[in-house]
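*Asks:* below is the structure, and that's it, no one-letter string:
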């Protein structure tokens, strides 16, 4: 195929980017679920937080096996099955009458949402983009995270208007239908099936990798770059998920349900802005570990501003939500980009699912752990929770920087 023939057909990769959908339900839903279940049943926050932990922990086991599932069943089939499981799980959260039913629902929702999460988005985008992958992933995560802007206020409005169970059935049904349509129309295509090339340009060069040519079967257990990347991602997401899981119910006493839904949507708007800035403005030669550390640093400031808010809805609270939100997406999107920069293409295909699975297995315990820090009568004025989040984010920065030193040492040896 000639270059002119390739140009004659619009590059399909951007259609794949635009079609990413579903993350908002599984990622931004649990904070609303936690609040709605506690309000409906009166069950302890710590117990419901444990169900949120099961939601994320089950997902960690599934996400580690996503590449194998994709090879066996194909991306469209796995994506639709994930959407169906997530819809069933959401209905279970709304209908559970006994704690064991809630935990079964959490298992279903956790296993389902990862089929539309970070690894899934990366797997859909990676075949289509090489040089422009940071920008493409940034746009894809933005599209997926529009669910956070839409679903947080929508959940609250629907629950208040028609009840938790009808709202869950409505959103779940629409999600399955849309994902099924996208899988048939978009996700089943590959560059080969469309007669196109990565980045839409014939003969696109492959970005030089820091460790090209390493054996595909080698273990990463002693690779300092891998260990520091996995640890940094895990710690950063532990702080982020732990705080996000409780933020909705912490804000309701201060802002009310309606404004809290808008505030959570505003945090996602900030996340979209943060992703966009990184995706489009980060130079190809930039040290992505430095960029990740800067993003964590912004979240540290946001966490500390929540303490200054002292349980009142003022400027400090708004700034805290905005700054914390700026780093939400980067905590997930930057580690795969760091892996792309530091490992060969073959290794990257293995490293990304591994670090995401390790990260999710770690942060799965964050909702329950942060639930132990809750002081019910102080709402947003709970300083221990926010201090803990800031301290863990500092630890994430230290891990990421330690890996940068290892990378420099490897380069010096060569």
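*Replies:* The structure has been received and is ready for your questions. What you see is a predicted model, and the numbers here were worked out from it, not measured in a lab. Numbers count the residues shown, from 1 in each chain.
*Asks:* low pLDDT regions in the stretch 51-200 of the chain?
*Replies:* 138, 141-152 (pLDDT under 70).
*Asks:* rerun at 80
*Replies:* Residues of the stretch 51-200 of the chain meeting the criterion pLDDT under 80: 60, 63-64, 67, 116-123, 126, 130-156, 199-200.
*Asks:* all helices of the stretch 1-150 of the chain, in order?
*Replies:* 3-8, 13-19, 23-41, 45-64, 66-73, 75-95, 99-113, 118-125, 133-162 (DSSP state H, counting those that start in this stretch).
*Asks:* relative to residue 253, which of those helices is closest?
*Replies:* Residue 253 sits nearest to helix 23-41 of all the helices of the stretch 1-150 of the chain, at 10.8 Å, using C-beta to C-beta. C-beta coordinates here come from the backbone N, C-alpha and C atoms, glycine included.
*Asks:* buried set for stretch 128-137?
*Replies:* Using 16 or more other C-beta atoms under 10 Å as the test for burial, stretch 128-137 gives 128-130, 132-137.
*Asks:* what about residue 165, neighbour count?
*Replies:* Look at residue 165: counted by other C-beta atoms under 10 Å, it has 15 neighbours.
*Asks:* neighbouring contacts of the helix or strand hosting it?
*Replies:* Using DSSP states H and E, residue 165 sits in helix 164-182. Identification of contacts with helix 164-182 by C-beta atoms under 8 Å, 6 or more residues apart in numbering yields 19, 21-22, 25, 36, 40, 79-80, 82-84, 86-88, 90-91, 93-95, 116, 151, 154-155, 158-159, 161-162.
*Asks:* and the closest residue to residue 31 other than its chain neighbours, how far is that from residue 30?
*Replies:* In space, residue 31 comes closest to residue 248 once its chain neighbours are excluded; the distance is 3.8 Å by C-beta to C-beta, 6 or more residues apart in numbering. For residue 248, the distance to residue 30 equals 9 Å [C-beta to C-beta, to the nearest Å].
*Asks:* okay, those two: which has more neighbours?
*Replies:* Shown here are residue 248 and residue 30; by other C-beta under 10 Å, residue 30 has more neighbours (29 against 24).
*Asks:* let me know the average pLDDT across the longest helix along the chain.
*Replies:* For the chain, the longest helix by residue count, based on DSSP state H, is helix 224-281. Mean per-residue pLDDT for helix 224-281: 85.
*Asks:* that helix to helix 45-64, inter-axis angle?
*Replies:* Helix 224-281 runs at 90 degrees relative to helix 45-64, counting by axes from the mean of the first three to the mean of the last three C-alpha atoms, to 10 degrees.
*Asks:* was I right about residue 197 contacting residue 190?
*Replies:* No - applying C-beta atoms under 8 Å as the test, residue 197 and residue 190 come out as separate, 11.4 Å apart.
*Asks:* more neighbours: those two, which one.
*Replies:* Neighbour totals were compared for residue 197 and residue 190, and residue 197 leads with 19 against 13 (other C-beta under 10 Å).
*Asks:* if I look at that one, how far off is residue 132?
*Replies:* 12 Å.
*Asks:* could you do residue 237 as well?
*Replies:* 26 Å.
*Asks:* equivalent analysis for residue 73, please.
*Replies:* In terms of C-beta to C-beta, residue 73 sits 29 Å off from residue 132.
*Asks:* helix or strand next in line after the helix holding residue 165, which one?
*Replies:* Of the helices and strands lying after helix 164-182 in sequence (DSSP H and E), the nearest is helix 191-194.
*Asks:* pull out the buried residues from that following helix.
*Replies:* In helix 191-194, counting by 16+ other C-beta under 10 Å, buried: 191, 194.
*Asks:* so what touches that helix?
*Replies:* Contacts to helix 191-194, defined as C-beta under 8 Å, 6+ apart, come from residues 9, 12-13, 127-128, 197-198.
*Asks:* again, 10 Å this time
*Replies:* Applying C-beta atoms under 10 Å, 6 or more residues apart in numbering, the external contacts of helix 191-194 come out as 6, 9-13, 15-16, 127-129, 197-200.
*Asks:* just to revisit the earlier point, now the longest helix of the chain against helix 118-125, angle please.
*Replies:* Calculated by the same axes, to 10 degrees, helix 224-281 forms an angle of 60 degrees with helix 118-125.
*Asks:* sweet, I'm off.
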